[in-house]
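>>> Show me the folded form of this:
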Amino acid sequence: MRPDTFLALFARPLMLAGLLCATALAWSQTGAPTVSEADIAKARRNQPVITDADVERARNANRMPTDAELSRVPVPSTPNIDALPQPVTRGSIDLGAIAQGYEAAVRDSVAQGGLGAGPGLLVFVSFTMPEKTLTRLVDQAARAKATLVLRGLVNGSLQETVARVQKLMDGRKVAFQIDPQAFERFGVAAAPTFVLVRDGARPADCAAGSCFASDAFVAVAGDVSLDYALEHFQRWAPRFTRDAAGFLKRLRG
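Presented below is the predicted three-dimensional model:
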């Protein structure tokens, strides 16, 4: 054997022994406890030994149910929705009639200047607005063929929303939409807000579903009448004068 190989074989154990001695000396100086062979043997005696029999007993005590046992478990029955308590209303609400009224109003809006053809006029409202303001805007929107837009349902209830809308419509044909994305699409932060979309404007895909270019519409917010908002558009946005005039004509006709 080469001398350098012989030295290398003995150098590593000597270095390890020196490191252990230095560690033991440091512990003795800092007062750290010394673990003896007796301590190790005691810990081994106290360590529980898990045998195959122990595993089998645990498996038998906590076994999975068989297919036959699972088949005997009763299947929960489907709840009877018709048996649930119904909300108390002062009068019956004909959802079909309301839907037909909405559909007719939307058809008229599209044919006479809604967003589907020609310029569009949207009035963003909320049921937190004064009743007098809402009633006035419903009447004006019905005559101008504008569309009223709500952010969501009243108290999260469809029936309550329909009842409120039915009361406001009072037999008038006016288009109502529930469209929270429209509030984002046109940057509406307050109600009422009036939005006039110019003739020929086409929406494009965006985060809110579809958006219009900034020069495709004009908006104004405030507790004002619909004709005042349209006149404001004519004064401050000349390129929308013709579109606003069409709605004013129907409103005043």
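
>>> now residue 66: how far from residue 128?
Using Cβ to Cβ, to the nearest Å, residue 66 is found at 60 Å from residue 128. For every residue, glycine as well, the C-beta is placed using N, CA and C.

>>> Check residue 228 too.
Taking Cβ to Cβ, one finds residue 228 at 21 Å from residue 128.

>>> more neighbours, those two?
When neighbours are counted by other Cβ atoms under 10 Å, residue 228 and residue 128 differ, and residue 228 comes out ahead with 11 against 8.

>>> and the more buried one, what element?
Assigned by DSSP states H and E, residue 228 belongs to helix 226-236.

>>> for that helix, packing partners?
helix 131-144, strand 193-197, strand 217-221, helix 241-252 (3 or more Cβ pairs under 8 Å, 6 or more residues apart in numbering; DSSP states H and E).

>>> Where does the prediction get shaky in this protein?
1-33, 75-117, 208 (pLDDT under 70).

>>> what about 80?
Applying pLDDT under 80 to the chain flags residues 1-36, 38-50, 54-56, 58-118, 207-210.

>>> show me where it has strands.
With strands called from DSSP state E, the chain shows them at 120-124, 147-150, 175-178, 193-197, 204-206, 209-211, 217-221.

>>> Would you mind giving those as TSV with distance to residue 185 added?
Formatted as TSV, these follow (distance: least, Cβ to Cβ, whole Å):
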stretch	distance to residue 185
strand 120-124	10
strand 147-150	10
strand 175-178	12
strand 193-197	9
strand 204-206	8
strand 209-211	5
strand 217-221	9
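
>>> among those strands, which is nearest residue 50?
Evaluated over the strands of the chain, closeness to residue 50 peaks at strand 209-211, with 61.0 Å, by Cβ to Cβ.

>>> Can you list the buried residues in the closest one?
residue 211 (16 or more other Cβ atoms under 10 Å).

>>> Kindly report the same for stretch 234-246.
234, 237, 240, 243, 244, 246.

>>> what's the span of it from first residue to last?
End-to-end distance of stretch 234-246 (Cα to Cα, to the nearest Å): 11 Å.

>>> Name the residues that touch it?
When contacts are defined by Cβ atoms under 8 Å, 6 or more residues apart in numbering, stretch 234-246 is touched by residues 113, 118, 119, 196, 198, 199, 218, 230, 231, 233.

>>> Let's see that with 6 Å instead.
With contacts defined as Cβ atoms under 6 Å, 6 or more residues apart in numbering, stretch 234-246 is touched by 113, 119, 196, 198, 199, 218, 230, 233.

>>> Skipping adjacent residues, who's closest to the fifth one in space?
Distances taken as Cβ to Cβ, 6 or more residues apart in numbering place residue 119 nearest to residue 199, at 4.5 Å, with adjacent residues excluded.
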